[in-house]
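Visitor: with the input below, show me the fold.
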Amino acid sequence: MDWLTTLRRSGGINALSRQLGASPADVSAAATALLPALLAGLRQAADTLGEGDAGVQSLVDVLAELGGGQLAADVMGPGPLDTAPGVLLLDRVLGPEVARRAVLVEAERSQGLALELGERVLPALAMLVGGYITARAGGSGAEGSGGLDELGGLRDTLTPDAGDSGADRI
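Guide: Next up is the predicted model:
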């Protein structure tokens, strides 16, 4: 799954832009810089929670506890965005604030991402991705949302290939 394409097509980048008061181009660049670390953290969390589908299902359960599909709905909605659930999600998948700071500093160093923008985008991006994962795993009834049958697809998105060295992990 190409997460950046999904975020663009679903209106997620525009919603993040509106919620954060930043241009869509800046938000897209920030998402491009931050998605690899966020997805690596989600993969690592799934691996820690179990093997294969069991780990992905446990990750989905954690995301559901943090707000589930409502995480994405909050970002996409018109109201003001409370990113506290995103911070809690980041605590679970990236670690404490010092680990998040390291992700931001690396994105600044390697991608030129402004730290201030990264600090604003990261929790909201985590909410958007976490909400999408939960909705996809839960099966909304929409075409293409296969519920738990889609766990294999989510596992492929979240877990490394068998030959992966783990270099993209946090």
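
Visitor: after the longest helix along the chain, next one along is what?
Guide: When secondary structure is assigned using DSSP state H, the longest helix within the chain turns out to be helix 24-49. On the C-terminal side of helix 24-49, the nearest following helix or strand under DSSP states H and E is helix 52-65.

Visitor: so where is the chain shaky, pLDDT-wise?
Guide: Per-residue confidence for the chain (pLDDT under 70) gives these ranges: 1, 139-170.

Visitor: now do Met127 against Gly112, distance only.
Guide: Distance, Met127 to Gly112, by C-beta to C-beta, to the nearest Å: 24 Å. Using the backbone N, CA and C atoms, a C-beta is placed for each residue, glycine as well.

Visitor: okay, these two: which has more neighbours?
Guide: Using other C-beta atoms under 10 Å, the more surrounded residue of Met127 and Gly112 is Met127, with 32 against 9.

Visitor: quick one: residues contacting that one.
Guide: Contacts were defined as C-beta atoms under 8 Å, 6 or more residues apart in numbering; by that measure Met127 touches 67, 71-72, 74-75, 83, 85-86, 89.

Visitor: format these as a markdown table; extra columns: secondary structure and neighbour count.
Guide: As requested, the contacts of Met127 are exported to a markdown table (DSSP: H, G, I helix; E, B strand; the rest coil; neighbours: other C-beta atoms under 10 Å):
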| residue | secondary structure | neighbour count |
| --- | --- | --- |
| Gly67 | coil | 20 |
| Leu71 | helix | 26 |
| Ala72 | helix | 22 |
| Asp74 | helix | 22 |
| Val75 | helix | 27 |
| Thr83 | coil | 22 |
| Pro85 | helix | 22 |
| Gly86 | helix | 26 |
| Leu89 | helix | 27 |
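
Visitor: now the two most distant members of those residues.
Guide: The largest separation in these, counting by C-beta to C-beta, is between Ala72 and Thr83 at 12.9 Å.

Visitor: now the angle from the longest helix of the chain to helix 52-65?
Guide: Angular relation of helix 24-49 and helix 52-65 on a 0 to 180 degree scale: 120 degrees, by axes from the mean of the first three to the mean of the last three C-alpha atoms, to 10 degrees.

Visitor: helices and strands around helix 24-49, which ones?
Guide: Helix 24-49 makes packing contacts with helix 3-9, helix 12-20, helix 52-65, helix 84-93, helix 97-111, helix 115-138, helix 151-158 when contacts are defined by 3 or more C-beta pairs under 8 Å, 6 or more residues apart in numbering; DSSP states H and E.

Visitor: pick the most buried one from these.
Guide: For the helices and strands packed on helix 24-49, average neighbour numbers computed from mean count of other C-beta atoms under 10 Å are highest in helix 115-138, which has a mean of 23.

Visitor: no further queries at this time; thank you.
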